[in-house]
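Enquirer: Got a predicted structure plus its sequence, pasted below:
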Amino acid sequence: MEIKVKLFASLAETAGWRESSIQIADGATVLMVWAAATREAALPARALCAINMDYCVLDAVVHAGDEIAFFPPVTGG
C-alpha cells in the first residue's frame, strides 16, 4: 500500500528530505513506516508521531493513503 511520510525540523534536516511517498505492506505499524522511510535509522527518544494529523503511538497500524508525520522531541521551559 502507498502512504505519505513527512518529517519535521531536525528529523528532516538529518534525513535530507521532508516529504515522501513509500510502499509498505498491509498491517504495517508507524514504527515500521519510520524504518522503511529512513533506511533503518534510529528514531530519537521521545519523538512524536501522527497519523492523518492525530498523534499516535508507534505500534499504531497504518492504512493505505494515510499521512504519517514524525516530529523531533520538543522541549520547553
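Expert: Done, it's in. Please read these numbers as outputs of a predicted model, since none were measured by experiment. Numbering: from 1, shown residues only.
Enquirer: Enumerate every residue touching the residue lying closest to residue 15 once chain neighbours are set aside.
Expert: Nearest residue to residue 15 in three dimensions, chain neighbours excluded: residue 7, at 5.5 Å (Cβ to Cβ, 6 or more residues apart in numbering). The way it works is simple: take the backbone N, C-alpha and C, and place the C-beta from them, glycine included. Neighbouring residues of residue 7 by Cβ atoms under 8 Å, 6 or more residues apart in numbering: 15, 17, 18, 19, 37, 69, 70.
Enquirer: one more time with 6 Å
Expert: 15, 18, 70 (Cβ atoms under 6 Å, 6 or more residues apart in numbering).
Enquirer: what helix or strand is the last one on?
Expert: The one in question is residue 70. strand 67-71 (DSSP states H and E).
Enquirer: Give the other helices and strands that that strand contacts.
Expert: strand 2-7, strand 48-51 (3 or more Cβ pairs under 6 Å, 6 or more residues apart in numbering; DSSP states H and E).
Enquirer: now the longest one, how far from the chain's geometric center?
Expert: Right, the one you point to is strand 2-7. Centroid separation for strand 2-7 versus its chain: 7 Å, with Cα atoms, centre = their mean, to the nearest Å.
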